[in-house]
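A.B. asks: kindly return the folded structure for what I paste below:
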Amino acid sequence: MRVLALGSCRIHHPLKAARPRSEIEYLNRLFWVWPPLFVHDVHEAIQLVRLGRGELSMPKEIRPFAFENAMRWRRRIPLPLRRVEYVVVEICTDKHYEAAGWTLNVNEIHRHLRQGTGAAGEEWWLAIERGQRPSEALVQGVEAELHARWRTRWRFGEGDRLVLRELTFRYLSVSEIAEGMARLQALVARPLLVVPHVAVRLADGSLLAERLQHIEKTVEAAHSLGLPVLDPRTFVGRDGQSRALGKGGTDFNHYAPDYLPVVGREIVEALRDCSDGKFNPVSRQP
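C.D. replies: Have a look, this model is predicted:
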């Protein structure tokens, strides 16, 4: 099976770990310079595929806020869409960040505009998270902090100015996520396996509520379209959070290195179920 992954480290790393022991060909490793480009919300995945198809041309000043460093050196992303047989897409958030019509990556926004900008950066970010438009005075305060960082003096430009002033944030609804999944499936024209984020328990045993919110939205959206879902609650619940996640279960965003092959096998088995026509959309969920 020739598999393309659209998502974060939680599907890329397991598929790389599974590749030598399975029947899959992990296409990302052949066509992308390491590290692979990570996406999080469904609109990031759509945008990546459209860039790969040559339907979009992302302005140079926007790229640092949309993808990791590898994107800066590319005019076009060489996605192997003609070779793909199956697509694994991780929809791991219902948070959507956008500026000038482009979907942006929250990690890269933080890296470029939030880190090291002190109180001004914190106030700016809180305004964005509240759905407010930051004042010009606040934006200029963040710009002053950015100019003071020696690494930034040589790269601060129109992209920074634009994102500081035009960035918007909102939560996607179930129907919006479902609409995005439908668009993505139409774009790739291949069977689509949906993987949500990992549900995690806090020290008091309660589930992290915000995480559970977007997991359940993702699952509901996929079910509404009849798409197969591999919910990590199935295997993390079976094996235990302390084994499955990094730092003895306290790293809520990354699998433990020695658990990656387990996740890879689960993804491969789910894909085999799809290829055999046996996949019940609820069969591989808790």
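
A.B. asks: contact partners for residue 106?
C.D. replies: By Cβ atoms under 8 Å, 6 or more residues apart in numbering, residue 106 lies in contact with 40, 93, 95, 97. In this view, the C-beta of every residue, glycine as well, is placed from N, C-alpha and C.

A.B. asks: who touches the helix or strand residue 96 falls within?
C.D. replies: Element membership for residue 96, per DSSP states H and E: strand 95-99. Outside strand 95-99, the residues within contact range by Cβ under 8 Å, 6+ apart are 40-41, 43, 62, 65, 103-106, 109, 128, 162-163, 166-172, 214.

A.B. asks: mind checking which of these are in strands?
C.D. replies: Among these, the residues falling in strands (DSSP state E) are 103, 104, 168, 169, 170, 171.

A.B. asks: excluding chain neighbours, what is closest to the fifth one?
C.D. replies: The spatially closest residue to residue 170, leaving aside those adjacent along the chain, is residue 96, at 5.6 Å (Cβ to Cβ, 6 or more residues apart in numbering).

A.B. asks: what's the local residue count around that neighbour?
C.D. replies: 21 (other Cβ atoms under 10 Å).

A.B. asks: ok, back up a step: any chance of the ones in strands among the contacts of strand 95-99 in CSV, with distance to residue 117 too?
C.D. replies: Below are the ones in strands among the contacts of strand 95-99 laid out as CSV (distance: Cβ to Cβ, whole Å):
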residue, distance to residue 117
103, 23
104, 17
168, 19
169, 17
170, 23
171, 25
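
A.B. asks: show me which of those residues are buried.
C.D. replies: Burial by neighbour count, 16 or more other Cβ atoms under 10 Å: within these this picks out 103, 104, 169.

A.B. asks: so what's the last one up against?
C.D. replies: Looking back up the chat, that one is residue 169. If you count contacts by Cβ under 8 Å, 6+ apart, then residue 169 has 95, 96, 97, 98, 128, 129, 131 around it.

A.B. asks: these: which two are farthest apart?
C.D. replies: Distances among the contacts of residue 169 were taken as Cβ to Cβ; the most separated pair is 98 and 129, at 13.9 Å.

A.B. asks: tell me which of those two has more neighbours.
C.D. replies: residue 98 (16 against 10).

A.B. asks: that one and residue 41, how far apart?
C.D. replies: When Cβ to Cβ, to the nearest Å is applied, the distance between residue 98 and residue 41 equals 10 Å.

A.B. asks: cool, residue 5 as well?
C.D. replies: 16 Å.

A.B. asks: now swap in residue 118 and tell me
C.D. replies: Counting by Cβ to Cβ, the gap from residue 118 to residue 41 is 28 Å.

A.B. asks: the more surrounded of those two?
C.D. replies: residue 41 (26 against 12).

A.B. asks: pretty sure residue 133 is touching residue 127, no?
C.D. replies: Yes. If you go by Cβ atoms under 8 Å, residue 133 and residue 127 touch, sitting 7.4 Å apart.

A.B. asks: show me which of these two is the more surrounded one.
C.D. replies: Neighbour count, other Cβ under 10 Å: between residue 133 and residue 127, residue 127 has more, with 17 against 13.
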